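Novice: Below is the sequence, then the predicted model.
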Number of protein chains: 2
Amino acid sequence: VSAPSPDTPTATAGASSEDPLAVALVEEVGASHVLTDADLRAPFETDWTRRFSGTARLVVRPADTAEVVAVLRRCHEAGVPVVPQGGNTGLVGGGVPRGGEVVVSLSRLDELGEVDRQASQVTAGAGVSLATLRAHAAEAGLNYPVDFAARDSATVGGMVATNAGGIRVLRYGATRSQVVGIEAVTVDGRVVSRMAGLVKDNAGYDLAALLTGSEGTLAVITRARLRLVPSFGERVVALVAVEDIDAAQRLLAQVRAGAPSLEAAEVFFAEGLALVLRHAGGITPFATDHPVYLLLECAAHRDPTEELADALGEAAEVLDVAVATDGPSRARLWSLRESHTEAINAEGIPIKLDVSLPADAMVTFVERVHTVVAEVAWSARAILFGHLGDGNLHVNVLGADPDGHEVDDAVLRLTVQLGGSISAEHGIGQAKLDWLPLYREATDLELTGSIKQALDPAGLLNPGVLVPRPARAGHRPP
Amino acid sequence: VSAPSPDTPTATAGASSEDPLAVALVEEVGASHVLTDADLRAPFETDWTRRFSGTARLVVRPADTAEVVAVLRRCHEAGVPVVPQGGNTGLVGGGVPRGGEVVVSLSRLDELGEVDRQASQVTAGAGVSLATLRAHAAEAGLNYPVDFAARDSATVGGMVATNAGGIRVLRYGATRSQVVGIEAVTVDGRVVSRMAGLVKDNAGYDLAALLTGSEGTLAVITRARLRLVPSFGERVVALVAVEDIDAAQRLLAQVRAGAPSLEAAEVFFAEGLALVLRHAGGITPFATDHPVYLLLECAAHRDPTEELADALGEAAEVLDVAVATDGPSRARLWSLRESHTEAINAEGIPIKLDVSLPADAMVTFVERVHTVVAEVAWSARAILFGHLGDGNLHVNVLGADPDGHEVDDAVLRLTVQLGGSISAEHGIGQAKLDWLPLYREATDLELTGSIKQALDPAGLLNPGVLVPRPARAGHRPP
């Protein structure tokens, strides 16, 4: 397969093309949904971080599962690699071409079924946005529990393919925990469908769990059956100042045991708060600065304030606490955490890492990460924040060369030394592939390679993403 | 591989054997842990249902992961199939030999780590029993949320391999939801280990989710890292009488939405209750009989009675209700549900099926199952009970030939017609393998076969279990 040169004149969408694959795909999905013109392809070729970009042979936009089947058959026959793409909001380059692939955009698969109130489930096409899904659930008085900032663009297909996380994983799990059914198309155009929404189904391997988080490397996800959870009307948010991360963890363990209504437990530090106050215009509720802040949210049908207060008790770890129950006050406390990305970006271009740590390694990581960053970039500083309840820290490094790899390498090596994961929720994509052999042992990568080989023998599904090439992975060449 | 004849004299455990594989395994695990004598093998050759039985070439009892590696390498080199075995409490013949295999008993891998209170997790060897695990968690003030009657014998390895369910799946999910880490040995003796207990880890395929429920066909599970949940001191049980299964489902949807402390929702019917009252000595709290009974349990730190009462509200579906908060009263209500198995066994030898249905097919299933059973066995009657919250019904048929397949076939065909699963929680094993192609579509079985082929190319791991043979599955011969 040869990649077209970007400056070769190509036909506009709807017009004929000299590429025989384009001609074939036009037969399957119609001329207006095969984009060969560079201008039309462009939005599909670069991800929103602008760090990952490649030229696609063409972009094809099937309307439904049958058209996905037809498209994949044509590409498979032609031996052309494909890159499945959702809302293009990924952070690791997992949904954009490396060069010469067909981008299969799933955005037109936007059918959204009626909410099944009895089962508390809904069926959504791969192209349904998170915002649409959440609004649809809310209309039925229910809640789709995964949520994050890219909700208007991120799609169900992409969220399932990347096992998207967010701030409610503590209570509800990540996307894999919501997927009660999946429909997907294999690389050669066969449909596998487990869409009955069965909560218990011990009849074979859990294909839905395997495909969730597989980043488009095993099959193209076309629909999902998703669980919904009750919608709670009463919420309380507490911002708790503590001395260090150890105190934050002890306090959190106590609150988790005592308050089953806990649904988020976020952490940030003095440095991050200072940036937020400087750049994002937030207001701290505290008279003095503190080293570490733990933001807790409980949600229930009845006011959970007392439950949270009881769970916090008279804990010695609490240096100061601010509690908010009404919407605007809760939003003000949340904004101190949620404005971190904006505030950091205002300060400079950060290197962004996303790691998770075992509970007993969190303290050591937080102590040592600043040192390992300083060792490779003396002028750099690491701003930490994230989902303490999941052991998940976002490490944003300012003042280092964003195109260099030394900081990434130093932080990820520290993470692996401490038993942590090099990607908590963003995935591997292209961005973390070089570090995967650092994290996963040889046997683990061999099994990964075997599973990939089993479902995509020719390696046409999203090549260069998630699965290390055999030489690097250390497994036997075929 | 030729199976030894059962009446061939074999060496006793600890003694030498003429079988060169036995000699090799004695080198690895010691003479006292290689059982070649028929009397010593016997308990490992028949499962506790006594329906599944086969002669093993020998039984080997490794002490730890390193010995499992050595054992699997030896068997792999010899090309001998192996059957991993836990507590031997399975119901579908998934853990006993068919003839000539080496049974690898994991019961000696009974190491149990200290409870990590901060992470709310524990590491358990494959041979740790459910009862031991639960007691260990309770000592730390926490709860391992999966529980079922075979707790004294069932082991962690078997529970993970079969994705064991039980009565708390509604709130906590089945075993797969508890597995935050796994260690397993491949068929050729390589160790894969993801034991750091990372809640978020989007770095490759979810091998733990894939191995959970794979019934020993992909790898031998040696250890698991398991999540623990808070232990609740306050409980309320309500037995609610309703007119039909439709009313039970409507009421349950209402209670689920209104009472987040709900952790079990069981159903049984007038016929089953009559058997329980006749054979098991229970006492009904109601003055009159009712068609359907819904048993609800809520658990929380504070008395959840009001939450449950509010969630039930003034629902028209409630014909009668009995509420119990103290331990003995709760146990009396629970015994009406839990004595079903004992009462049915006292009445005769039942055919036992375990199906799950989509929420919108439950009513039709309950209406039609009696007819389809009567059509193939006019004197038979079906007793239904189970986990309504998971759409999971146990269908026990009395008065039919337990060795015949007509009743199984009729009930499973009805289930599949209605979009349900032929195995909700018991698994496929040997027992349901013939029906798997009825349930799973050809592509689904092809993917199953591909995954099996990828991880166990020679087909040495638990052959005859879960994975249909190629001809039957309809996928291409290799």
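Specialist: Received the coordinates, thanks. Numbering: from 1, shown residues only, chains lettered A, B, ... in the order given.
Novice: Excluding chain neighbours, give the residue nearest to the residue of the stretch 251-400 of chain A found nearest chain B in space.
Specialist: For the stretch 251-400 of chain A, the residue closest to chain B is residue A:359, as judged by CB to the nearest CB, at 3.7 Å. Any C-beta I mention is one placed from the backbone N, CA and C, and that applies to glycine too. Distance criterion CB to CB, 6 or more residues apart in numbering or on different chains; nearest residue to residue A:359, sequence neighbours excluded, is residue B:119 at 3.7 Å.
Novice: The one you found reaches residue A:358, doesn't it?
Specialist: Yes. Contact criterion CB atoms under 8 Å: residue B:119 and residue A:358 qualify, at 6.9 Å.
Novice: Please enumerate the shared neighbours of the two.
Specialist: Shared contacts of residue B:119 and residue A:358 (CB atoms under 8 Å, 6 or more residues apart in numbering or on different chains): A:391, B:197.
Novice: pretty sure residue A:147 belongs to a helix, no?
Specialist: No. Residue A:147: not assigned to a helix; according to DSSP: H, G, I helix; E, B strand; the rest coil it is coil.
Novice: Excluding chain neighbours, what is closest to it?
Specialist: Closest residue to residue A:147 apart from its sequence neighbours, by CB to CB, 6+ apart: residue A:166 at 5.3 Å.
Novice: what's around that neighbour, how many residues?
Specialist: By other CB atoms under 10 Å in any protein chain shown, 22 other residues sit near residue A:166.
Novice: My guess is it contacts residue A:148. True?
Specialist: Yes. Counting by CB under 8 Å, residue A:148 is a contact partner of residue A:166 at 3.9 Å.
Novice: quick one, what contacts the residue nearest to residue A:147?
Specialist: Taking CB under 8 Å, 6+ apart as the criterion, residue A:166 is in contact with A:146, A:147, A:148, A:174, A:425.
Novice: What is the burial count for the fourth one?
Specialist: In other words, residue A:174. Residues near residue A:174, counting by other CB under 10 Å: 26.
Novice: Can you tell me, leaving aside adjacent residues, what's nearest to it?
Specialist: Excluding the flanking residues, the one nearest residue A:174 by CB to CB, 6+ apart is residue A:165, at 4.5 Å.
Novice: Please report phi then psi for that neighbour.
Specialist: For residue A:165, the backbone dihedrals (degrees, to the nearest 10) come out as phi -110, psi -110.
Novice: now swap in residue A:65 and tell me
Specialist: Dihedral angles for residue A:65 - degrees, to the nearest 10 - are phi -60, psi -40.
Novice: Please identify which helix or strand holds the residue nearest to it when sequence neighbours are not counted.
Specialist: Nearest non-adjacent residue to residue A:65, counting by CB to CB, 6+ apart: residue A:222, 4.5 Å away. Using DSSP states H and E, residue A:222 sits in strand A:220-227.
Novice: can you map out the strands along the stretch 51-200 of chain A?
Specialist: Using DSSP state E, counting those that start in this stretch, the strands of the stretch 51-200 of chain A run over residues A:58-60, A:82-85, A:102-105, A:121-125, A:142-143, A:179-185, A:191-194.
Novice: Pull up the distance across stretch A:355-365, start to finish.
Specialist: Terminal residues of stretch A:355-365 are spaced 10 Å apart (CA to CA, to the nearest Å).
Novice: go on, stretch A:101-116?
Specialist: 38 Å.
Novice: now stretch A:283-299
Specialist: In stretch A:283-299, first residue to last residue: 24 Å (CA to CA).
Novice: Over to stretch A:108-125?
Specialist: End-to-end span of stretch A:108-125 (CA to CA): 9 Å.
Novice: Please state the offset of it from the chain centre?
Specialist: Stretch A:108-125 sits 21 Å away from the centroid of its parent chain (CA atoms, centre = their mean, to the nearest Å).
Novice: for stretch A:244-258, same thing?
Specialist: 26 Å.
Novice: and what of stretch A:367-379?
Specialist: Distance of stretch A:367-379 from the chain centroid (CA atoms, centre = their mean) equals 27 Å.
Novice: Please identify the buried residues of it?
Specialist: By 16 or more other CB atoms under 10 Å in any protein chain shown, the buried positions in stretch A:367-379 come out as A:369, A:372, A:373, A:376, A:377.
Novice: what's the answer for stretch A:24-33, then?
Specialist: A:24, A:25, A:26, A:28, A:29, A:31, A:33.
Novice: What of stretch A:438-452?
Specialist: The neighbour-count check on stretch A:438-452 (16+ other CB under 10 Å) flags A:439, A:440, A:443, A:444, A:445, A:446, A:447, A:448, A:449, A:450, A:451, A:452 as buried.
Novice: Tell me where the stretch 201-350 of chain A has strands.
Specialist: Using DSSP E, counting those that start in this stretch, the strands of the stretch 201-350 of chain A run over residues A:220-227, A:229-230, A:234-242, A:262-269, A:292-300, A:320-324.
Novice: partner strands of the first one, parallel or antiparallel?
Specialist: Paired strands of strand A:220-227, with direction, are strand A:121-125 (antiparallel), strand A:179-185 (antiparallel) (DSSP bridges).
Novice: Any residues of the stretch 201-350 of chain A in contact with chain B? List them.
Specialist: The interface of the stretch 201-350 of chain A toward chain B, taken as CB under 8 Å from any CB of the partner chain, is made up of A:201-207, A:209-210, A:212-214, A:218, A:230, A:232, A:249-250, A:253, A:256-258, A:260-261, A:300-301, A:307.
Novice: Please report the distance of the residue nearest to residue A:359 from residue A:164.
Specialist: Per CB to CB, to the nearest Å, residue B:119 is found 23 Å from residue A:164.
Novice: Show me which of those two is the more surrounded one.
Specialist: Remark: of residue B:119 and residue A:164, residue A:164 carries more neighbours, 28 against 22, as counted by other CB under 10 Å.
Novice: what residues are up against the closest residue to the more buried one other than its chain neighbours?
Specialist: Distances taken as CB to CB, 6+ apart put residue A:175 closest to residue A:164, at 4.8 Å, once the chain neighbours are dropped. Residue A:175 sits next to A:146, A:159, A:160, A:162, A:163, A:164, A:165, A:212, A:213 when contact means CB under 8 Å, 6+ apart.
Novice: CSV for the residues you listed, including pLDDT?
Specialist: Output for those, formatted as CSV (pLDDT from 0 to 100):
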residue, pLDDT
A:146, 97
A:159, 98
A:160, 98
A:162, 98
A:163, 98
A:164, 98
A:165, 95
A:212, 98
A:213, 98
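Novice: What about residue A:210, how many residues nearby?
Specialist: By other CB under 10 Å, the residues close to residue A:210 number 22.
Novice: is it true that it touches residue A:219?
Specialist: No. Residue A:210 is beyond contact range of residue A:219, at 9.3 Å (criterion: CB under 8 Å).
Novice: nearest to residue B:293, of the strands paired with strand A:220-227?
Specialist: Nearest of the strands paired with strand A:220-227 to residue B:293, taken as CB to CB: strand A:121-125 at 25.3 Å.
Novice: List the contacts of the closest one.
Specialist: A:106, A:109-116, A:133, A:136-137, A:140, A:144, A:156-157, A:180-181, A:195, A:197, A:222-228, B:359.
Novice: so can I have TSV of the strands of the stretch 201-350 of chain A showing mean neighbour count and mean pLDDT?
Specialist: Formatted as TSV, the strands of the stretch 201-350 of chain A follow (neighbours: other CB atoms under 10 Å in any protein chain shown; pLDDT from 0 to 100):
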stretch	mean neighbour count	mean pLDDT
strand A:220-227	27	98
strand A:229-230	18	96
strand A:234-242	23	98
strand A:262-269	23	98
strand A:292-300	24	98
strand A:320-324	17	98
